[in-house]
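Colleague: Give me a model of this one.
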Amino acid sequence: MRFNWNRMAELDAPGYIARRPGSAMPRWDKAEFLASGRAIVEACAARVRELGGELRGRSALDFGCGVGRMSAALLERYEEYVGVDVAEAMLARTRDFASSPRAAFVHSPRGDLAPLGGRRFDLVWSYVTLQHVPPDDAERLLVELAASVSEGGWLCAQVPVRSASDLERVFGRSTWKGRLRSAVPLAWLERWREWRNDGPRCDMFGLSPELVTTTLRAAGLELRGSDVVDDTLGLVESRRYFATRPAASAVR
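Modeller: Residues are numbered from 1 along each chain as shown. Modelled structure (predicted):
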């Protein structure tokens, strides 16, 4: 995944991050690209308000931040923004899209939250990121994200309800083709796939709503909303989850 997203950043970071109906690879105008992120943040903020909360506070974590599309909109609501991404080439582009001194960007080579050292945030945000992570890893990341929500804070995460990509076909080793793939250096394999598919591979995975709900509740979060949305341009049903960690005084 890290290799592919670095390639996407080199080719057309905004186009691979956000796609529009009728245009598989739009050439975004910078203002339009940032406005698309703002629209998503504002829609989620309005939904949280309906659920009795408010997306405002001291700190916001954006997991899978890419080039920082959401940073400006989130900084209007939070004093500090921390973006985390697995692709260093994406983070190198943040200077073109996010210039606030209140924004910090962190590279996570393993694609987890280890570089943050267990820190908690008033908002933990992850949009169109977990959908590109194989299910077992996405479940583990969801546990980490939930654990990063501070008391009274919110988690807003988007996850498809099922996988559109064939996990065995992409990563499996049970067939002779799979064993052959595993013996080929990753960079060679992904370049071959890029040539064959006329672009870097962009897989789509998901987690069942039941698994997401159970995972969030086991982490001490209270699930307030699970909304069906079309965040994958019709490829597969997707949901936006809204959960909060009750303040200690509220659970006594």
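Colleague: so what's D230 up against?
Modeller: Contacts of D230 were listed using Cβ atoms under 8 Å, 6 or more residues apart in numbering, and they are S238. (C-beta placed from N, C-alpha, C; glycine too.)
Colleague: all helices of the stretch 101-250 of the chain, in order?
Modeller: For the stretch 101-250 of the chain, the helices defined by DSSP state H, counting those that start in this stretch occupy 135-147, 167-171, 176-183, 186-197, 209-218.
Colleague: Point to the residue nearest the middle of this protein.
Modeller: Central residue check for the chain by Cα atoms, centre = their mean: the C-alpha nearest the mean position is that of T129, 2.4 Å away.
Colleague: What does that residue show for phi and psi?
Modeller: Here the main-chain torsion angles of T129 (degrees, to the nearest 10) amount to phi -120, psi -50.
Colleague: Could I get the pLDDT score of the nearest residue to it once chain neighbours are set aside?
Modeller: Take T129 and drop its neighbours on the chain: the residue closest to it by Cβ to Cβ, 6 or more residues apart in numbering is G64, 2.6 Å away. G64 is assigned a predicted lDDT (pLDDT) of 97.
Colleague: what does D29 give?
Modeller: The predicted local confidence for D29 comes out at a pLDDT of 89.
Colleague: Check the burial of it by counting its neighbours.
Modeller: Per other Cβ atoms under 10 Å, the neighbour tally for D29 reads 10.
Colleague: For S36, see how far away it is.
Modeller: Distance, D29 to S36, using Cβ to Cβ, to the nearest Å: 10 Å.
Colleague: same thing with S150?
Modeller: 28 Å.
Colleague: same thing with I17?
Modeller: If you go by Cβ to Cβ, the gap between I17 and S36 works out to 9 Å.
Colleague: Common neighbours of the two, please.
Modeller: Between them, I17 and S36 share these contacting residues under Cβ under 8 Å, 6+ apart: R69.
Colleague: Which one's more surrounded, these two?
Modeller: In this view I17 and S36 are compared by other Cβ under 10 Å, and I17 has more residues nearby, 24 against 17.
Colleague: That one and C65 touch, don't they?
Modeller: No: the pair I17 / C65 is not scored as a contact, 9.8 Å apart, by Cβ atoms under 8 Å.
Colleague: Quick one: the strands in the protein, in order.
Modeller: 57-63, 78-85, 103-107, 121-126, 149-160, 222-229, 238-244 (DSSP state E).
Colleague: that older thread, check the contact between the residue nearest to T129 and A87; I expect there is one.
Modeller: No: using Cβ under 8 Å as the test, G64 is too far from A87 to be in contact (9.4 Å).
Colleague: returning to that earlier point: deepest in the core, which of the strands of the chain is it.
Modeller: Ranked by average neighbour count under the criterion mean count of other Cβ atoms under 10 Å, these are headed by strand 121-126 at a mean of 25.
Colleague: What mean pLDDT does that one get?
Modeller: Predicted confidence along strand 121-126 averages 99 (mean pLDDT).
Colleague: Much appreciated, bye for now.
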